[in-house]
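S.K.: prediction below, plus the sequence it came from.
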Amino acid sequence: MGKRFVQRKLCNERLEMWLKQGCIFWLITNSLFKASLFGRSRGDEAQVSLGRSIGSKPPHVGSYFIIGLPKRFSSAGFSALVRAMQLPPLMPGTLYLVATPIGNLEDITLRALRVLKECDVVAAEDTRHSGQLLKHFGISKPLLSYFQFNEAKRSEEIIERLRRGEKVALVTDAGSPGISDPGERVVKAAIAAGFRVESVPGACALVAALTASGLPADEFHFVGFLPHKSGQRRNQLESLKTVPGTLVFYESPYRIEKLLGELNEVFPERETVLARELTKKFEEFLRGKPAELIEITKKRSIKGEFVVMVGLKV
């Protein structure tokens with residue numbers, strides 16, 4: 001029996017085992033770009049016919065990707081999955097910046113799950129929030145608090161852990177570390193100390209909102225959160241008048257009406273889009289001039305975190 005035949009047989013056996021556990025598989029061969037979706041509901045007997053679905057030859061080990069996992073997936077099962085996909089192990093002494101869901105738990109990526117399962121410690125903006133996320137995916141790891149007011153102290157501790165060869169994953173409450181969230185300080189410190197920093201990309205409110213806004217996305221300027229003080233906010237908005245491209249802001253539900261009022265004064269004729277509750281059940285996009293959006297907010301209660309986008313000068 002040839003080695004390649006054995007590999008294919010093992011591949012098929014693993015597929016059937018994971019399908020029975022409730023996984024969904026997206027199978028792609030190196031020479032075939034047409035994908036086929038496999039999977040049955042949990043408890044049903046898996047029905048797999050690789051020959052009929054993607055050609056006469058089954059895919060070899062490492063030629064398939066998994067796009068769905070059951071809510072509970074054991075560490076042993078995940079480790080077997082990783083071995084079958086021939087993924088490289090995490091590198092000692094590396095800081096991993098892991099993007100987390102911005103609303104929908106399905107925002108998480110397979111790579112993020114693997115890093116969180118295989119790292120030595122998770123540095124989190126809010127350990128309670130991140131602890132619930134890890135628990136949901138059946139992951140148990142030591143948690144280290146890392147937020148705005150302890151960044152300096154924790155950065156030193158993280159660097160020391162990297163010196164010991166530990167694999168550190170950094171997460172925030174939602175989205176990518178360092179984008180209007182803690183992370184920049186420790187990244188700079190890790191680079192300065194000569195350690196490897198890897199981004200584990202995923203959900204980002206900025207990208208999710210901009211791509212669905214209908215505003216130009218070929219050139220944009222990300223502002224993030226404006227200062228709290230009115231004078232500083234107004235000065236910054238005035239300075240953005242000559243900036244080319246779509247302007248993108250983050251804003252809380254407590255200051256959204258204030259921001260719309262300021263936009264109505266500085267950019268009254270520009271098309272503006274509000275995106276809220278991104279990737280959640282009540283995701284919504286509101287479009288219009290600032291004055292029109294102000295009228296909408298007066299007639300109804302609008303909750304959730306906002307991405308506010310201002311189009312080009314007419």
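M.R.: Cool, the structure landed.
S.K.: send me stretch 272-282 as CSV with only the CA atoms.
M.R.: Below are the C-alpha coordinates for stretch 272-282, written out as CSV (Å, rounded to 0.1, in the frame of the first residue of the first chain):
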residue,chain,number,x,y,z
THR,A,272,-22.7,61.0,6.3
VAL,A,273,-23.2,57.3,7.3
LEU,A,274,-23.8,55.9,10.8
ALA,A,275,-23.1,52.2,11.3
ARG,A,276,-24.1,50.7,14.5
GLU,A,277,-24.3,47.2,16.1
LEU,A,278,-22.0,45.8,13.5
THR,A,279,-22.2,42.0,13.0
LYS,A,280,-24.9,41.8,15.6
LYS,A,281,-28.6,41.0,15.2
PHE,A,282,-29.7,44.7,14.9
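S.K.: which of the residues in it are buried?
M.R.: Neighbour counts over stretch 272-282 (16 or more other Cβ atoms under 10 Å) mark 272, 273, 274, 275, 276, 277, 278, 279 as buried. No exception for glycine: its C-beta is placed from N, CA and C like everyone else's.
S.K.: the helix or strand hosting residue 190 - contacts with which helices or strands?
M.R.: Residue 190 belongs to helix 184-192 when elements are defined using DSSP states H and E. On a contact count with 3 or more Cβ pairs under 8 Å, 6 or more residues apart in numbering; DSSP states H and E, helix 184-192 meets strand 94-98, helix 151-163, strand 196-200.
S.K.: and it, C-alpha only, in PDB?
M.R.: Coordinates of each C-alpha in helix 184-192 appear next as PDB, following Å, rounded to 0.1, in the frame of the first residue of the first chain:
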ATOM      1  CA  GLU A 184       0.600  50.200  20.700                       C
ATOM      2  CA  ARG A 185       2.900  50.600  23.700                       C
ATOM      3  CA  VAL A 186       3.700  46.900  24.100                       C
ATOM      4  CA  VAL A 187       4.200  46.400  20.300                       C
ATOM      5  CA  LYS A 188       6.800  49.200  20.300                       C
ATOM      6  CA  ALA A 189       8.500  47.700  23.300                       C
ATOM      7  CA  ALA A 190       8.600  44.200  21.800                       C
ATOM      8  CA  ILE A 191      10.000  45.500  18.500                       C
ATOM      9  CA  ALA A 192      12.600  47.600  20.400                       C
END
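S.K.: and it, how far out from the chain middle?
M.R.: Centre-to-centre, helix 184-192 and its host chain are 21 Å apart (Cα atoms, centre = their mean, to the nearest Å).
S.K.: buried residues in it?
M.R.: By neighbour count on 16+ other Cβ under 10 Å, the buried set for helix 184-192 is 185, 186, 187, 189, 190.
S.K.: which one is the first one nearest to, not counting chain neighbours?
M.R.: If I follow you right, that is residue 185. residue 151 (4.7 Å; Cβ to Cβ, 6 or more residues apart in numbering).
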